[in-house]
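Chemist: Can you look at this prediction? I've put the sequence above it.
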Amino acid sequence: MKIDHLGIAVKDLDKTLSFYEDKLGLEKTAVETVADQGAKIAFLKIGESKIELLEALDEDGPIARHIAKRGEGIHHLALGVDNIEEKVSDMKEQGVRFIGEEPTPGAENMKIIFIHPKSSDGVLMELCEPLGEED
Ligand code: CO
């Protein structure tokens, strides 16, 4: 396992990108819209990990709700795993709750699923695995 990325909820993706790209000097690797997450997403490379900036697509989506409750800032921690289905079923057997039943397609051609923050003591955690290696 490794820390794949840190997800950060932002109000204005373009404004925040100018900080991360122009001022911090990080390299943007992708910008895409992910309907399942209700978000427009940008990835910035930082060493072997990434920073994911998420801007809400609609007022009722999870990102908009997060910002309404807690403001902009860190939204989730994403752990890269080798076999996401196996990991999820192992963890379910141990009583861990997930948001949704199965991994779904996320940004950057990854399969992703979120662990319910009640099971991870307040930290919203995502498990992710690149698609394509086993398919
Ligand atoms: Co993420």
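Modeler: Everything's here; your move.

Chemist: residues from this protein in reach of the ion?
Modeler: 7, 52, 78, 126 (Cβ under 5 Å from the ion). Where you see a C-beta, it was placed from the backbone N, CA and C, and this is true even at glycine.

Chemist: Just put those residues in CSV and tack on neighbour count and secondary structure.
Modeler: Output for those, formatted as CSV (neighbours: other Cβ atoms under 10 Å; DSSP: H, G, I helix; E, B strand; the rest coil):
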residue, neighbour count, secondary structure
Gly7, 24, strand
Glu52, 24, strand
Ala78, 24, strand
Glu126, 23, strand
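
Chemist: Closest one to Leu17 out of these, please.
Modeler: Set against Leu17, the nearest of the residues of the chain next to the ion by Cβ to Cβ is Glu52 (11.9 Å).

Chemist: hang on, that closest one packs against Ile8?
Modeler: Yes: assessed by Cβ atoms under 8 Å, Glu52 is found in contact with Ile8 at 6.9 Å.

Chemist: Just the strands from the protein, written as ranges.
Modeler: 2-10, 27-34, 39-46, 49-56, 73-80, 98-105, 110-115, 125-130 (DSSP state E).

Chemist: Select, out of these, the one closest to Asp90.
Modeler: strand 125-130 (11.1 Å).

Chemist: same question for the closest one, mean pLDDT?
Modeler: On average, the pLDDT along strand 125-130 is 96.

Chemist: Show me which parts of that strand are buried, residue by residue.
Modeler: 125-129 (16 or more other Cβ atoms under 10 Å).
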